[in-house]
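In: Give me a model of this one.
(one chain, ligands or ions: 1)
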Amino acid sequence: MSTPLLQVNNLGKSFGGVKAVDGISFDLSPGELLALIGPNGAGKTTTFNMVNGQLRADQGSILLKGQELLGRKPRDIWRQGVGRTFQIAETFASLTVVENVQMALLSHDDLLMSMWRRAANHRRDDALALLDQVGMKAQADRPCNVLAYGDVKRVELAVAMANSPKLLLMDEPTAGMAPKERNELMALTKDLVIQRGMAVLFTEHSMDVVFAYADRMIVLARGRLIAEGKPLEIRDHPKVQEVYFGTGKTFEKSKA
Ligand SMILES: Nc1ncnc2c1ncn2[C@@H]1O[C@H](COP(=O)(O)OP(=O)(O)OP(=O)(O)O)[C@@H](O)[C@H]1O
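Out: Residues are numbered from 1 along each chain as shown. The predicted structure is shown next:
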């Protein structure tokens with residue numbers, strides 16, 4: 001196994017009396033898709049937001065290639081190579097597909113504020129190359145707000161790639177998607193992970209997606225890490241069965 005890219009150790013965060021994340025530790029290696037699952041309120045979003053710096057941890061350590069991220073600003077963490085997928089905001093929906101990726105490249109090049117009007121000329125070829133990787137080059141000049149939902153998700157992935165992240169955080173990447181689109185997006189994500197040697201940490205409620213695409217999984221319940229392993233190990237894990245029992249979520253294939 002390769003050296004971990006991300007090493008999270010004893011990470012914790014409380015809100016008032018609630019321990020949202022209670023001393024969790026895990027590693028993530030380049031080329032690996034790691035799913036973070038758990039019932040509602042388990043601490044998944046809180047964990048994510050600590051890794052990208054939006055939320056300050058109370059305790060622990062988050063090392064990226066041995067460099068401490070804790071206490072750094074989100075922008076600084078992004079510069080170190082931690083990206084995340086963002087939903088294409090309303091304001092960007094009227095831009096074309098390629099312009100959305102060009103905006104991300106502008107931002108990466110730190111020109112966003114001063115030169116935004118010149119986005120139309122900025123690194124269009126690079127943006128098209130990124131769109132090619134997600135199968136959206138042919139639709140580059142269409143406005144985002146006319147695209148099918150699954151295609152918007154592909155563009156969001158291209159936007160996230162503009163910063164060449166070493167680690168990509170994806171919060172419920174397939175939410176609201178039909179099963180076929182979900183599988184296509186995750187297959188694409190997996191390809192990008194392999195091609196770029198990138199690591200992905202993702203949360204997901206759809207168990208069929210998790211079991212089909214995660215290399216490894218970590219399971220949180222009430223802020224604690226209760227299980228870690230390969231999908232098949234997790235499926236049969238008694239503690240995991242216990243926390244999911246009665247939540248309405250099962251590990252059977254979704255019928256949706
Ligand atoms: N800003 C906040 N202020 C107070 N409590 C919070 C805050 N954010 C999260 N919590 C609490 O921390 C716990 C963990 O929440 P978190 O959103 O991380 O869970 P989650 O696993 O992402 O849940 P979901 O699957 O429902 O999104 C919950 O009890 C939640 O109510």
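In: ok, residue 161 - contacts?
Out: Residues in contact with residue 161 (CB atoms under 8 Å, 6 or more residues apart in numbering) are 83, 130, 133-134, 192, 196. Every residue, glycine included, has its C-beta placed from N, CA and C.
In: List just the nearest of those residues to the ligand.
Out: Closest approach between these and the ligand, by CB to the nearest ligand atom: residue 83, at 19.3 Å.
In: Might one say that the closest one is in contact with residue 165?
Out: Yes: Residue 83 is within contact range of residue 165, at 3.1 Å (criterion: CB atoms under 8 Å).
In: Those two: which is more packed in?
Out: residue 83 (24 against 20; other CB atoms under 10 Å).
In: what bridges to that one?
Out: For residue 83, the beta-bridge partners under DSSP bridges are residue 168.
In: What score does it have for pLDDT?
Out: Note for residue 83: predicted pLDDT of 91.
In: and what of residue 150?
Out: 89.
In: So it belongs to a helix, correct?
Out: Yes: judged by DSSP: H, G, I helix; E, B strand; the rest coil, residue 150 forms part of a helix.
In: Redo the contacts of residue 161 as CSV? Include distance to the ligand.
Out: Output for these, formatted as CSV (distance: CB to the nearest ligand atom, whole Å):
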residue, distance to the ligand
83, 19
130, 29
133, 29
134, 26
192, 24
196, 27
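In: From these, which land in helices?
Out: Counted as lying in helices by DSSP state H, out of the contacts of residue 161, are 130, 133, 192, 196.
In: What separation do you get for the second one and residue 189?
Out: Spelled out, that is residue 133. Distance check for residue 133 against residue 189: by CB to CB, to the nearest Å, it reads 11 Å.
In: More neighbours: those two, which one.
Out: Neighbours per residue (other CB under 10 Å) separate residue 133 from residue 189, with residue 189 holding more: 24 against 18.
In: Confirm for me that residue 176 is in contact with residue 149.
Out: Yes: here residue 176 reaches residue 149: they are 6.8 Å apart, a contact under CB under 8 Å.
In: would you list every one of the helices in the protein?
Out: Using DSSP H, helices in the chain cover 44-51, 74-80, 90-93, 97-108, 112-115, 124-133, 149-161, 179-196, 207-213, 231-235, 238-244.
In: tell me the pLDDT at the nearest residue to residue 67 once chain neighbours are set aside?
Out: Nearest residue to residue 67, sequence neighbours excluded (CB to CB, 6 or more residues apart in numbering): residue 80, at 6.6 Å. At residue 80, the model reports a pLDDT of 92.
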